[in-house]
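Trainee: Got a sequence here, can you build the structure:
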Amino acid sequence: MNSIRLLLDEDVWRGLTAVLREAGYDAVSINDLDRKGYDDEAQMAFAIAENRVMFTHNIRDFAPLAQHLAEQQVNHPGIIVARQFEKGMLARRTLALLNSLSPEQIANTLRFV
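Mentor: Below is the predicted model of the structure:
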């Protein structure tokens, strides 16, 4: 199993969780954890506590949040943001990114799919 662990935001296609798991990633969705409706800071705090990279389509809010974490020197597993691509393309681009990075390389960064 790949050591990058992911938390998919509630706005992410639920099928991506299964795709990532099939590829060997430890991936869970906010939708499956009964965490829908929490604000972005709470979701990110949960991701940090669980040592999971946050994956979201919410670029508008998570890009500034990543900047804030950097300014406050808060370590985090990483944030991946993606536009709303067609499902197949989203899966391919996400796997290409994840397969090219280690947990150390993605930590404390904002990555775009």
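Trainee: Hmm, R93 is touching A82, no?
Mentor: Yes: under the contact definition of C-beta atoms under 8 Å, R93 touches A82, with a separation of 7.2 Å. In this view, the C-beta of every residue, glycine as well, is placed from N, C-alpha and C.
Trainee: which residues do the two both contact?
Mentor: Residues touching both R93 and A82 (C-beta atoms under 8 Å, 6 or more residues apart in numbering) are V113.
Trainee: Compare those two (neighbour count), which wins?
Mentor: A82 (20 against 15; other C-beta atoms under 10 Å).
Trainee: Leaving out the residues flanking it, which one is nearest to the more buried one?
Mentor: V113 (3.7 Å; C-beta to C-beta, 6 or more residues apart in numbering).
Trainee: Could you do D61 as well?
Mentor: D40 (4.9 Å).
Trainee: That neighbour against P64, yeah?
Mentor: No: the pair D40 and P64 does not pass the contact test of C-beta under 8 Å, sitting 9.4 Å apart.
Trainee: more neighbours, those two?
Mentor: Per other C-beta under 10 Å, whichever of D40 and P64 has more neighbours is D40, with 16 against 11.
Trainee: Look up how far G88 lies from that one.
Mentor: For D40, the distance to G88 equals 27 Å [C-beta to C-beta, to the nearest Å].
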